[in-house]
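> sequence plus the predicted model coming up.
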Amino acid sequence: MPTVLILAASPHDQDRLRLNAEVRDIRQALQRSRNREEWKIESNEAVTVDDLRRALLDCRPTVVHFCGHGGGDAGLCFEDADGNTKLIDAVPLTKLFHHFKEELKCVFLNACYSDVQGKVIQQEVDYVIGMNAAVGDKSAIKFAVAFYDAVFAGTDFRVAFDLGCSALDLSQLPDTDVPVFMTGSHLSSTVLSYSAHVPEIERVLYSYFNTPFFERASFTTTGESLRPAIKTYYGDRMHRNVNKVSVISIKPITDEHWCVEVSGAELRVIYVCIRNRSVFVEWEASVGLWSIPIRTYLALGTREPVVARIKAKLDTYYNLDFASQKNRFQSISLETGGPSFESLHGYVKRDSKEYDDLMEILSDGNEHAITLELIQVIDQTDMPLINKVLSRTWIYSQPKENCV
């Protein structure tokens, strides 16, 4: 039988929390559920790390729920033998959870600043919920009860997370953006803070993906003017209906633009624009559109500048045309976007503004999705010169004459 193991700790040397109320209200959530016979709750209060280890052995829980104080990077506040604070970092906790990962599916850290610990624990546990700031007693309890109302009703942990945050919204409580949902690294690692925009984004994207390609322009920021480009891009391809679109991460890029990662759809990463609560798809950015189709460029080349959405990172490859001029050029690995991913080797002049702009972005050694202007300077089309850095993201409005 799946079990929720509740661990409560409120050391004498910390502010007192209403942990008894939280444990009681979670138990009442199970008693209200029509599935009350299918779950079990075990609790341990004034918990020490030894209590945790023994409870894991005895209960083999599906969910571990910790309620108490969090110290951010310093750790979670357990109790020592005298009832005072004993801070435990996430690393030893993660090693402990590793031994129970077959049964343990979710760790819920209902404590201030506990997302720091959650990001480590997600290496071993499928689903983790933490808090990215301080959270008040009332909000913490409301969120937890709504979460377990949903879990005991049979929803998955992600839906339960959303419903917990919605409960804070509906009750007009603060802290709706404090809970953080995380998935384990083997499940495509995700860190998602709640946003009131998420339900509307999912609704719009569901409609977008279930609409024939040639009618999708109405869901985009540029609307009808984009219809010819969509027709050229998709051709006669048939779209496939999707059953569900779920947002698994959302990251702000500008005040209006967001990068959204979704599951269940033909595209995994979507760029959206949110204006006055209305959601529109940034189509060119989402499909990685170049100013000419990448396959056309690679096959035929062009001496005209190309606007290219690219995943770029530092490289060390130099072909014959550039090998003798390493001191003048820096090699950049370029991967194209869109449905056909191709790899290119780009070069940028070291003594240039473009070089300075690129190094500011790429010097961390990671891959970055950016928009560049490329130009063909040798016969090989897959080794262009980087002419300009147009955008630090894929959000870029192309001049009309450059659109397909």
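Thanks, I have it.
> immediately after the worst-scoring helix or strand of the chain on mean pLDDT, which helix or strand?
One helix or strand of the chain scores below all others by mean pLDDT, DSSP states H and E: strand 190-193, with a mean of 65. Going down the chain from strand 190-193, the next helix or strand is helix 198-209, by DSSP states H and E.
> got a list of contacts for that next one?
With contact meaning C-beta atoms under 8 Å, 6 or more residues apart in numbering, helix 198-209 is reached by 162, 216, 219, 239, 241-242, 244-247, 250, 258, 260, 262, 265-266, 270, 272, 274, 277, 279-281. Yep, even glycine has a C-beta here, placed from its N, CA and C like the rest.
> pretty sure Phe143 contacts Leu163?
No - at 9.6 Å, Phe143 does not count as touching Leu163 under the criterion of C-beta atoms under 8 Å.
> looking only at neighbour counts, state which of those two leads.
Phe143 (29 against 18; other C-beta atoms under 10 Å).
> my reading is that that one lies in a helix. Confirm?
Yes - judged by DSSP: H, G, I helix; E, B strand; the rest coil, Phe143 forms part of a helix.
> that one: what's it in contact with?
Here Phe143 is in contact with 110, 135, 164-165, 167-168, 175, 179 (C-beta under 8 Å, 6+ apart).
> how many residues are close by the closest residue to it other than its chain neighbours?
Distances taken as C-beta to C-beta, 6 or more residues apart in numbering put Gly164 closest to Phe143, at 4.4 Å, once the chain neighbours are dropped. Using other C-beta under 10 Å, Gly164 has 25 other residues around it.
> any low-confidence regions in the stretch 301-404 of the chain?
Counting by pLDDT under 70, the stretch 301-404 of the chain shows low-confidence ranges at 338-340, 398-404.
> could you rerun that using 80?
The stretch 301-404 of the chain contains residues with pLDDT under 80 at 320-326, 337-341, 398-404.
> helices along that one, start to end?
For the stretch 301-404 of the chain, applying DSSP state H, counting those that start in this stretch gives helices covering 320-323, 353-362.
> now swap in the stretch 1-150 of the chain and tell me
With DSSP H, counting those that start in this stretch applied, the stretch 1-150 of the chain shows helices at 19-32, 49-59, 90-98, 115-121, 137-152, listed in chain order.
> before we move on, what about the stretch 151-300 of the chain?
Assigned helices in the stretch 151-300 of the chain, in chain order: 157-170, 198-209, 227-234, 283-287, 294-300 (criterion: DSSP H, counting those that start in this stretch).
> is the residue most central in space within the chain in a bridge, and if so with what?
The chain has Ser249 as the residue nearest its centroid, 2.7 Å off, counting by C-alpha atoms, centre = their mean. Bridge pairing for Ser249 (DSSP bridges) gives the partners Glu261.
> coming back round to it: put the buried members of the contacts of Phe143 into a PyMOL selection.
Command for PyMOL that selects the buried part of the contacts of Phe143, burial taken from 16 or more other C-beta atoms under 10 Å:
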select buried, resi 110+135+164+165+167+168+175+179
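> now do the domain split for the chain, please.
As recorded under automatic domain parsing, the domains making up the chain are 3-187, 198-287, 294-402.
> please identify the most buried of those domains.
domain 3-187 (a mean of 19; mean count of other C-beta atoms under 10 Å).
> same question for that one, mean pLDDT?
Mean pLDDT, domain 3-187: 89.
> stretch 225-240 now?
Averaged across stretch 225-240, the pLDDT comes to 88.
> other residues contacting that stretch?
Under the contact criterion C-beta under 8 Å, 6+ apart, stretch 225-240 has outside partners 209-214, 216-217, 220, 266, 283-284, 287, 289, 293, 403-404.
> how distant is that stretch from the center of its chain?
Distance of stretch 225-240 from its chain centroid, counting by C-alpha atoms, centre = their mean, to the nearest Å, is 28 Å.
> cool, stretch 22-35 as well?
Remark: stretch 22-35 is offset 31 Å from the chain centroid, using C-alpha atoms, centre = their mean.
> just stretch 172-188 next, same as before
A distance of 10 Å separates the centroid of the chain from that of stretch 172-188, by C-alpha atoms, centre = their mean.
> what's next to it, contact-wise?
Identification of contacts with stretch 172-188 by C-beta under 8 Å, 6+ apart yields 115, 118-119, 122-136, 138-140, 142-143, 157-158, 161, 164-165, 168-169, 189-196, 248, 263.
> follow-up on the earlier one: Asp73 is nearest to which of the helices of the stretch 301-404 of the chain?
helix 353-362 (27.7 Å; C-beta to C-beta).
> C-alpha coordinates for that closest one, CSV please?
Extracted in CSV, the C-alpha atoms of helix 353-362 (Å, rounded to 0.1, in the frame of the first residue of the first chain):
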residue,chain,number,x,y,z
LYS,A,353,32.6,43.5,-31.9
GLU,A,354,31.0,40.2,-32.9
TYR,A,355,33.8,38.3,-31.2
ASP,A,356,33.4,40.4,-28.0
ASP,A,357,29.6,39.9,-28.1
LEU,A,358,30.0,36.1,-28.6
MET,A,359,32.6,35.7,-25.9
GLU,A,360,30.3,37.4,-23.4
ILE,A,361,27.7,34.8,-24.1
LEU,A,362,29.8,31.6,-24.7
